[in-house]
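Asker: I'd like to go over a predicted model; first the sequence, then the structure.
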Amino acid sequence: MTERTDKDTTPDESASMVQSGAVVLLIEDEPAMQRLLEIVLEEQGYRVVLAGTGKQGIVHAATRNPDLVLLDLGLPDMEGEDVIRRLREWWARPIVVISARGREEEKVKVLDAGADDYVTKPFDVREMLARIRVALRHSGAQSGQSGAIIESGPVRLDGVLRRVSVEGREIRMTPTEYRLLALLLKNADRVLTHSQILREVWGAAYVGQVSILRVTMANLRKKLEKDPSRPLHLVNEPGIGYRFCTGGEDPLP
Ligand code: CA
């Protein structure tokens with residue numbers, strides 16, 4: 001993908017020590033969960049700042065200069081969505097949410113409020129670390145993003161010539177399919193909600209018209225996926241939206 005400009009990273013890290021030294025602000029009220037996450041994160045080379053309430057988390061975000069917020073939604077004093085909205089008034093770095101399983105509506109709300117991604121409780125530690133790396137990578141890449149060429153998994157998109165190829169084979173697309181794919185690729189391995197996609201690709205008036213998105217996604221899958229009924233890259237996040245998965249075991253290229 002693009003060269004990163006984040007001073008904490010080098011361009012070709014691939015293993016577990018990605019973003020080492022990055023500061024993670026963990027907002028979580030349960031001591032056992034705090035301790036577990038702190039151990040796991042420190043083992044990966046992150047520095048951890050703890051907050052036990054939403055209010056304390058917001059103060060720490062302002063004073064401790066974290067690179068990423070890891071936010072548990074079950075907090076005693078504030079709704080997770082409100083913590084995110086408050087942070088997003090002035091704070092632009094990634095927010096990854098820890099959410100209880102099966103609360104799709106809540107996940108959509110927090111993503112639309114400005115969270116970058118989520119992991120579901122009880123969660124797989126490897127998945128959580130991968131989500132954190134993806135969020136930090138996107139945050140570091142933003143300033144240097146030229147948008148000319150995006151390569152992700154087998155897909156290559158040339159933003160200047162507006163051409164797409166899969167494993168070297170050129171694919172014809174409608175302008176809408178192209179815009180949808182470009183958006184997903186720019187956010188590779190991150191989830192995007194239906195509303196976010198509809199607003200970006202079709203415009204604000206189309207938010208809520210998920211069926212239009214489904215039809216275009218089905219067409220895109222026919223063009224890009226080996227088996228469109230079991231997509232490996234254009235992956236559905238049930239009740240939430242879609243994620244372009246770059247593939248492999250680790251969702252990083
Ligand atoms: Ca909690």
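Answerer: Arrived safely.
Asker: Leu232 versus Leu180, what's the distance?
Answerer: Using Cβ to Cβ, to the nearest Å, Leu180 is found at 17 Å from Leu232. (Glycine included, C-beta is placed from N, CA and C.)
Asker: I meant Val69, not that one.
Answerer: Counting by Cβ to Cβ, the gap from Val69 to Leu232 is 30 Å.
Asker: who has more neighbours, Leu180 and Leu232?
Answerer: Shown here are Leu180 and Leu232; by other Cβ atoms under 10 Å, Leu180 has more neighbours (24 against 16).
Asker: check which helix or strand that one maps to.
Answerer: Assigned by DSSP states H and E, Leu180 falls within helix 175-186.
Asker: what's the first helix or strand after that helix?
Answerer: strand 191-193.
Asker: return the set of buried residues in the next helix or strand after that following strand.
Answerer: Once the chain leaves strand 191-193, the next helix or strand it forms, by DSSP H and E, is helix 194-201. For helix 194-201, a neighbour-count test (16 or more other Cβ atoms under 10 Å) marks 194-198, 200-201 as buried.
Asker: can you state the direction angle for helix 194-201 and helix 175-186?
Answerer: 120 degrees (axes from the mean of the first three to the mean of the last three Cα atoms, to 10 degrees).
Asker: pull the residues that contact helix 194-201.
Answerer: For helix 194-201, the external contacting residues (Cβ atoms under 8 Å, 6 or more residues apart in numbering) are 108, 111-112, 176, 179-180, 183-184, 206-210, 212-213, 216, 240-242.
Asker: select only the buried ones of those in PyMOL?
Answerer: This is how PyMOL selects the buried members of the contacts of helix 194-201, with burial counted by 16+ other Cβ under 10 Å:
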select buried, resi 108+111+112+176+179+180+183+184+207+213+216+240+241+242
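Asker: can you confirm Gly45 is in a strand?
Answerer: No: per DSSP: H, G, I helix; E, B strand; the rest coil, Gly45 lies outside any strand segment and is coil.
Asker: surely it touches Leu129?
Answerer: No: contact between Gly45 and Leu129 fails when scored by Cβ atoms under 8 Å: they sit 10.8 Å apart.
Asker: who has more neighbours, those two?
Answerer: Higher neighbour count among Gly45 and Leu129: Leu129, with 19 against 13, using other Cβ under 10 Å.
Asker: check which helix or strand covers that one.
Answerer: Here Leu129 is assigned to helix 125-141, by DSSP H and E.
Asker: who in the stretch 51-200 of the chain is up against the ion?
Answerer: Contact residues, the stretch 51-200 of the chain versus the ion (Cβ under 5 Å from the ion): 72, 74.
Asker: show me what residue of the stretch 51-200 of the chain gets nearest to the ion.
Answerer: At 3.5 Å from the ion, Gly74 is the closest residue in the stretch 51-200 of the chain, using Cβ to the ion.
Asker: tell me where the stretch 1-150 of the chain has strands.
Answerer: Ranges of strands in the stretch 1-150 of the chain, per DSSP state E, counting those that start in this stretch, are 23-27, 47-51, 68-72, 95-100, 117-121, 149-152.
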